[in-house]
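Undergrad: Here is my input; please provide its structure:
(chains A and B)
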There are 2 protein chains.
Amino acid sequence: MRDVAIVGAGMTQFGELWSSSLRDLFTEAALGAMRSAGVDTLDAVYVGNMSGGQFVGQEHVGPLMVDALGVAGVPSTRVESACASGGAALRMGFLDVASGQSDVVLVAGVEKMSDGADVTTVLATASDQETEVYHGITFPGLYAMIARAHMASRGSTEEDLHWVSVKNHRHGAMNPRAQFPKAVTLDEVANSSPVADPLRLLHCSPVSDGGAAVILMPLEQARRITDRPVQILGTGMATASLALADRRDPAVLDAVGQSARKAFTMAGIEPADVDLAEVHDCFAIAEICCLEAMCLTDGCSAADAARSGFSALGGRRPINTSGGLKSKGHPVGATGVAQVIEIFEQLRGEAGDRQVRDAHIGVTQNMGGTGASSVVHVFRRV
Amino acid sequence: MRDVAIVGAGMTQFGELWSSSLRDLFTEAALGAMRSAGVDTLDAVYVGNMSGGQFVGQEHVGPLMVDALGVAGVPSTRVESACASGGAALRMGFLDVASGQSDVVLVAGVEKMSDGADVTTVLATASDQETEVYHGITFPGLYAMIARAHMASRGSTEEDLHWVSVKNHRHGAMNPRAQFPKAVTLDEVANSSPVADPLRLLHCSPVSDGGAAVILMPLEQARRITDRPVQILGTGMATASLALADRRDPAVLDAVGQSARKAFTMAGIEPADVDLAEVHDCFAIAEICCLEAMCLTDGCSAADAARSGFSALGGRRPINTSGGLKSKGHPVGATGVAQVIEIFEQLRGEAGDRQVRDAHIGVTQNMGGTGASSVVHVFRRV
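TA: Down below sits the predicted model:
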């Protein structure tokens, strides 16, 4: 298996982008990534996209995107794993380069959510149609159940959730591409509108449009075009029952734990080696459950990590320096790739005000549904 | 890159399967493939599925399917390239094993089309929403334009189309899993209802439910569990403009030609080496255009191949011995994998009445939309 590196990245602003279509978002991100990498030909493209079909009436986005980019002909495949589509696409791009099949691969994620579709209904199709959607459940409802289960079994509190949002908005306030680049106070979170008890508006990631893209190539080739390639050291993917009710404990995200262990093993690292991570905080409780499943809090309480500063910029292990899904925005298919871009820029020392000092090892964790699919990647500054 | 082989296959009956859900179809096919291969653990799963979201309100089918199979935990990713989703999924499975990441991979295709959705509208989302769908075009209309363009520039006739259907139904009549296992006469085709001039009902593949699955592993490992592995010698994928109006000639399927050349080059073969092939006859004209693009008629007229017997069982190069999409059925996400199963069984000498004698090299060609994506694989009897 060949070593694989990321050599360039591009992304759009995240937000309600009324003047940009699905193909516009992809093209802007892809051109940015190609310019950043200094490449003008591609051997293959992978596009993470959750639901072009339901959001904008467009399946078959693989060929559409390379056509819009002006390179029709290039193999281009859509990869879908709900909100983990971007991470799953990166994994495909990694395998393509690692296998020796392709040398220059563009991995993108894109979603256009604010174009008129009933977003909550579309997102619900990432849960189990027959046993969950049919009965009217939505994702805020599912994550509210996870939060209640976590509070019941582990003693976490609503205030723990507030601190996750406060931390991520503080980070996002320094990210010019974030949808909501502003800090929020504990009181603002605590008094925001209830969505699904105990979750409030400021515990929930927003509805977003956006695109993100990176360029992969063999590490050996990468060294010839940049002095700062970022190597993909490990990839791990796992699944769990789609329906929350089928899990042994709703507050335990088994797929997240498994995918992390696989990626860490492949990379030859321990959780303690991780300098920073982007984890899937679609709701505040998700960040807590993910840190727990990935053993990223050095034995301390994951619920306390934001409040104590452990997971804040300047702390022991900064989590979601980009602002996370909460502040940066969550265009579902793009999120997994945008996480990778944050780690890429951090490991290259290009993260500006959000820069983590001496960052050598970064991790991304991207999940679909209530964690029925999870993809973890480990990156290293070369 | 490791050599990769197929060691087992399973598929459902194709047809209007009212009592089977999407997960039932997958599970039946997957269990059949695992039983056939004699494996009981999987390292990864790839699921080709065009539009679970629009057909049955279900995205995120990767984790759902492994959960239904009883192996939640296993990495499972949905791959979509419209009607080429099955072929694209095989390519992902191939790269996964070839790279050394996984040893035992299940590649499946599945679609549930007859569950109430407006099928023509859903299928149309595989064409360009902004420049085609918006104006009311459907796939029969698009392929009718391809047929007219082919007739105008190459002198093919409506009777040429009839012969493709007659041949494929003759083949399909010997396939117990076909949706319409019955022969049709030239007169029946010529007098069937007009759909989109010049295409008639018996030129069009049907609306189908079905699942198909194969098991991949490294060739070296495959030799230890079967004396008849079928090696995947080459894979090729290419794209073209999604909108037909953007192509240089609507009757020329550039992505099909490019994907075939890539797969043939990787396999080290020439078109003349191909003993049999399954090509994407979603409409009769498609088979003619595909044979032309792939140079599979040894310099003879592709339009004449069915009438002359060249592409019939017993002819120089049998095409669509399974009955093709026309007679076997076309559950869109499953089709690409079902094509592979026909070649797998032919190369192992298990095709019963449809058996092609002395078949060593077989090819599958699976495409999406009007050929905006195409995936070709070359297989060899080991």
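Undergrad: ranges for the helices of chain A?
TA: Here chain A has its helices, by DSSP state H, at A:22-37, A:52-56, A:61-68, A:85-99, A:119-124, A:139-154, A:158-172, A:186-190, A:219-225, A:254-267, A:284-293, A:305-308, A:324-328, A:332-348.
Undergrad: what's the closest of these to A:Val382?
TA: Closest of the helices of chain A to A:Val382 is helix A:219-225, at 7.1 Å (criterion: Cβ to Cβ). From N, CA and C alone the C-beta is placed, and that goes for glycine too.
Undergrad: Buried residues in the closest one, which are they?
TA: Going by neighbour count (16 or more other Cβ atoms under 10 Å in any protein chain shown), the buried part of helix A:219-225 is A:219, A:221-223.
Undergrad: could you list every residue that touches the residue positioned nearest the centre of chain A?
TA: Centrality entry for chain A: nearest residue to the mean C-alpha point is A:Gly336, 3.2 Å, by Cα atoms, centre = their mean. Residues near A:Gly336 by Cβ atoms under 8 Å, 6 or more residues apart in numbering or on different chains: A:48, A:83-90, A:109, A:364, A:366, A:375.
Undergrad: Likewise for A:Ile285?
TA: Contacts for A:Ile285 (Cβ under 8 Å, 6+ apart) come out as A:143, A:146-147, A:150, A:161, A:199, A:203.
Undergrad: How about A:Val79?
TA: Here A:Val79 is in contact with A:46-49, A:85, A:88-89, A:92, B:77-80 (criterion: Cβ under 8 Å, 6+ apart).
Undergrad: beta partners for it?
TA: A:Gly48, B:Val79 (DSSP bridges).
Undergrad: again with the one 4 residues further on
TA: Per DSSP bridges, the residues bridged to A:Cys83 are A:Ser81.
Undergrad: Just the buried ones out of the contacts of A:Val79, please.
TA: Of these, these count as buried by 16+ other Cβ under 10 Å: A:46-49, A:85, A:88-89, A:92, B:77-80.
Undergrad: I'd like those residues as TSV, with pLDDT and distance to B:Ala359 appended.
TA: Converted to TSV, the buried ones among the contacts of A:Val79 look like this (pLDDT from 0 to 100; distance: Cβ to Cβ, whole Å):
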residue	pLDDT	distance to B:Ala359
A:Tyr46	98	34
A:Val47	98	36
A:Gly48	98	39
A:Asn49	98	38
A:Ser85	98	39
A:Ala88	98	36
A:Ala89	98	36
A:Met92	98	32
B:Thr77	98	32
B:Arg78	98	32
B:Val79	98	28
B:Glu80	98	31
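Undergrad: doesn't A:Val7 make contact with A:Ala222?
TA: Yes. Here A:Ala222 reaches A:Val7: they are 4.9 Å apart, a contact under Cβ atoms under 8 Å.
Undergrad: what touches both of those two?
TA: A:Pro229.
Undergrad: So which bits of stretch A:282-298 are buried?
TA: Buried-residue list, stretch A:282-298, by 16+ other Cβ under 10 Å: A:282-297.
Undergrad: now the end-to-end length of that stretch.
TA: Using Cα to Cα, to the nearest Å, one end of stretch A:282-298 lies 23 Å from the other.
Undergrad: Equivalent analysis for stretch A:90-109, please.
TA: With Cα to Cα as the measure, stretch A:90-109 spans 9 Å from end to end.
Undergrad: That stretch close to chain B?
TA: Yes. For a cut-off given as Cβ under 8 Å from any Cβ of the partner chain, stretch A:90-109 has contacts with chain B, namely A:91-92, A:95-96, A:98-101.
Undergrad: and the two most separated of those?
TA: Between all members of the residues of stretch A:90-109 next to chain B, the farthest pair (by Cβ to Cβ) comes out as A:Arg91 and A:Gly100, at 16.6 Å.
Undergrad: Show me what the residue nearest to A:Ala338 when sequence neighbours are not counted is bridged to.
TA: Among residues not flanking A:Ala338 along the chain, A:Ala212 sits closest, at 4.1 Å (Cβ to Cβ, 6 or more residues apart in numbering or on different chains). Per DSSP bridges, the residues bridged to A:Ala212 are A:Met11, A:Gly109.
Undergrad: Closest to B:Asp273 out of the contacts of A:Gly336?
TA: A:Ala89 (34.6 Å).
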